[in-house]
Each structure stands twice: as structure tokens, then as C-alpha cells.
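Undergrad: coordinates only, sequence not included:
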């Protein structure tokens, strides 16, 4: 009996020893397995870090490209005159647009324009027409600083060739509102209500020594480093009482620009006087019909002193207007295939303006300052961004020019 108990005890001890040995072995296997799993996890983590890094880089690139905007517009034309000895072709302008959004509330805008294909010996021009930054603070109040279009009239604010129907811009917008006309300065813009927008700026003024009897205030623009000895103040209000694409759209605007005239590139010109410009404009579309009109009144305070200093026969008052009627006439049946985005517009515009409307005492008006023009023609939009145009201009009742042109923007 005692012998059997000892034998069983020995067997139990042996089993315990064997179990202990197997436990140690199992622990070693588990430890090795844990090390392998840790190595695999570290390897996967490294691969994940690399993938996330690459994704972040691609994300940054996509974000950078999303913030950048490229665009442009241009126009080419052929001019045929009554005498036929001044006919010519002209790539009138090519404009490149570059914009960038620094943040959701900071936008940069620029337009670089090349006129007449090249610049040499006083021909052509290369200039920044716009170079400004907008700070979007809220719906009612925002800040703009840099070089921006003077907010007067219709064409100076929207002068891309797809936004007007004639080959050339209205003549009134050449001398009375010297498009393209910009100002360097700072201002605010926004909304006064759901129907009323506003803009107010202070910045560079005009150089009165460049005013002309026939060309009006166009020569007074400062294009390089404008002096701000007598800065200009400009403001605009737009009212949109109707804005229903299915019914009618009406916009009415009023604007002003007031500036002293003793300014020049890098300083002053010595020109006395002040320009006061007041303008009103309106646009209405109802169905296929469009109506537009602009009126401008300009007063040159102390015009006598200005003409004494610079004998350019400048009037003390200039004024004028134009009215335009247009009809979208492309049949709906034609708008298929390649012409599914096409449009055709026939128009007629009447202009009546005089840069010698009222003269200072002792000066005689130049008859060339008074102009009455009728322009009529067709604008055919192959797409909303490419247009072919043809029109005829009648001056003082006689056809004196015929125009052909194309315009584009992207």
C-alpha cells in the first residue's frame, strides 16, 4: 500500500514537471508571436504614415489649384471707312485674368491687357487694368484695395466683348466715360438691402492737363504711378426692383466721380480746377427684348483757369446719352447640335453727346465736339463665350464706318 502511494506521488510530480515545461515552452512561443505581431504592426504603421503623407501632399496641391482662377478675354476687328483709305485690321486687345483666394474671405483679382498685339514706339499698350484685393467681411460691408474699375456707367464695369453687342464699345464710353477707366485706391462695397448695392472709393484722381476739346476727359487718366495730390472720390448705387428670369429683370444705377485736376504721374501737373461727373444708367430685359440707356453730365469747375494754363479749349460742361434696343432672334429650332448654346441678337443704338456743350467766357465751341451716332448690327453667339459681330455706324445721318469682329472670353 505504501509502495503504491509513493508510485502515484512520483507520477504526479512527473506530470507536474512536464506541465511546467510545456507552459514555459508555450510562453516562449507566445512571446515570439507577440514580437512578430508588433513588427507587423510597426511595418503597417510606417506604410500608413507614408500613405497619409502622400495624401496630404496631394491634398495640398488640390487645395492650391482650387484657390487659383485663370481666365481672359479678347477681340479682333476689321474697320472699313467710307473713304476706304483708312481700312485696317486690329487685334484690339487680349486680356489675361489671374485670381487667387488666400482664404474664404480674401480674394485677389488681376487683369493684364495687351493692346494692338505689340508695344513699340508709342504703339500698343501693356498694362494692368485691374489689380485689387477684396476682403469679404459680411454681406453688407466689404473692403477693396488696389486698382479697380471706376464704377460709372455700364460698359466700364462690364467691358468683355461678350457683354455688349457692337464691334466697338459705345462712343460715349470712349470720351465721356473713358473706358477702360480705373482708379488706384481703397473703398467699401456691399448691400444696403436685398435690392440695393453700393460702392464707395477714394483714390487717384485725374490730370486736367490732358483734357481735350473733342476727346473730353480721356487724356486725363493716370495709368502708371498716379499722383494723389488731389484725390478722386467715386460712388455708385444699384437698385434691382425686379429680378425674375421668367418675367423681367430691371437694374437702375446712379454714380458719381469728383476729383481735383492737379495730378500727374509721380506727382502734380499744375492743372487747376475740379471735375464733377454724374451718371445714371438702366438695363431692362423682358423675354427676348433688352433696353439699355446711359446719361452723363460733367462739369469742369474753373475751366477758364484750366484753359489759361493749358490751352486745350476744354468746356466747362459736357453731357450726353445713349439708348439701345436689342432683340434675341435665333429660332429655337436652330439651337441643336453644335448650336445648342447659340444666340443671335440684332440691335440699334443711338448716341448724342457733346464735349463742347457749354464753354467758358471768351472761348468758342469746336463743332467736332458734338456727335450724333446710330449703330446697328448683329451679334451671333456661337456659344455664350464666343461671338461674331457685324455692324454699321451712321454719323450725322450718313454711314461712315462698317465693322466686323469676333470676341471671346474664358
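TA: Perfect, thanks for sending it. What you see is a predicted model; the values in this text were computed from it and never measured. Numbers count the residues shown, from 1 in each chain.
Undergrad: Show me which residues of stretch 112-127 are buried.
TA: Neighbour counts over stretch 112-127 (16 or more other CB atoms under 10 Å) mark 112-115, 127 as buried. For the C-beta atoms, the positions are set from N, CA and C on the backbone; glycine is no exception.
Undergrad: residues in contact with it?
TA: Outside stretch 112-127, the residues that touch it by CB atoms under 8 Å, 6 or more residues apart in numbering are 90-96, 98, 128-129, 180, 223.
Undergrad: Could you tell me which of the residues you listed belong to strands?
TA: 90-96, 98, 128-129 (DSSP state E).
Undergrad: contacting residues for residue 303?
TA: Counted by CB under 8 Å, 6+ apart, residue 303 has contacts 273, 314-316, 360.
Undergrad: Equivalent analysis for residue 169, please.
TA: For residue 169, the contact set (CB under 8 Å, 6+ apart) comprises 155, 159, 179.
Undergrad: Could you rerun that using 6 Å?
TA: By CB atoms under 6 Å, 6 or more residues apart in numbering, residue 169 lies in contact with 155, 179.
Undergrad: Can you report phi and psi for it?
TA: Backbone torsions of residue 169, given as degrees, to the nearest 10, read phi -60, psi 160.
Undergrad: confidence score at it?
TA: Per-residue confidence at residue 169 stands at 96 (pLDDT).
Undergrad: and what of the one 3 residues further on?
TA: Listed pLDDT for residue 172 reads 97.
Undergrad: Would you check that it makes contact with residue 323?
TA: No: assessed by CB atoms under 6 Å, residue 172 is found out of contact with residue 323, at 10.8 Å.
Undergrad: higher neighbour count, the two?
TA: Between residue 172 and residue 323, counted using other CB atoms under 10 Å, residue 172 has the larger neighbour count: 24 against 15.
Undergrad: What separation do you get for the more buried one and residue 152?
TA: Residue 172 sits at a distance of 11 Å from residue 152 (criterion: CB to CB, to the nearest Å).
Undergrad: What of residue 371?
TA: The spacing between residue 371 and residue 152, counted by CB to CB, is 19 Å.
Undergrad: quick one, which of these two is more surrounded?
TA: In terms of neighbours (other CB under 10 Å), residue 152 is the more surrounded of residue 371 and residue 152; the figures are 28 against 18.
Undergrad: now that one, nearest residue through space, not along the chain?
TA: Nearest in space to residue 152, with sequence neighbours left out and distances taken as CB to CB, 6 or more residues apart in numbering, is residue 255 at 4.5 Å.
Undergrad: Ok, residue 306 next?
TA: Residue 306's closest residue in space is residue 273 (CB to CB, 6+ apart), at 4.4 Å.
Undergrad: And the one you found, what's its pLDDT?
TA: According to the prediction, residue 273 has pLDDT 97.
Undergrad: Test my guess that it contacts residue 299.
TA: No: in this structure residue 273 lies outside contact range of residue 299 using CB under 6 Å: 9.9 Å.
Undergrad: Please say which of those two ends up with more neighbours.
TA: Between residue 273 and residue 299, counted using other CB under 10 Å, the more crowded position is residue 273 (24 against 19).
Undergrad: so how far is residue 343 from residue 334?
TA: Distance, residue 334 to residue 343, by CB to CB: 10 Å.
Undergrad: An error on my part: the question was meant for residue 153.
TA: Residue 153 is 24 Å from residue 343, where distance means CB to CB.
Undergrad: out of the two, which sits in the more crowded spot?
TA: Per other CB under 10 Å, whichever of residue 153 and residue 343 has more neighbours is residue 153, with 28 against 18.
Undergrad: In three-state terms, label the more buried one for me.
TA: With DSSP: H, G, I helix; E, B strand; the rest coil as the basis, residue 153 sits in coil.
Undergrad: tell me the pLDDT at residue 232?
TA: Per-residue pLDDT puts residue 232 at 98.
Undergrad: residues contacting it?
TA: Contacts of residue 232 (CB under 6 Å, 6+ apart): 205, 259.
Undergrad: May I have the beta-bridge partners of it?
TA: residue 203, residue 259 (DSSP bridges).
Undergrad: again with residue 198
TA: Here residue 198, judged by DSSP bridges, has bridge partners residue 190, residue 237.
Undergrad: That one: neighbour count?
TA: Neighbourhood size, residue 198 [other CB under 10 Å]: 16.
Undergrad: gap between it and residue 137?
TA: 14 Å.
Undergrad: What of residue 64?
TA: Distance, residue 64 to residue 137, using CB to CB: 25 Å.
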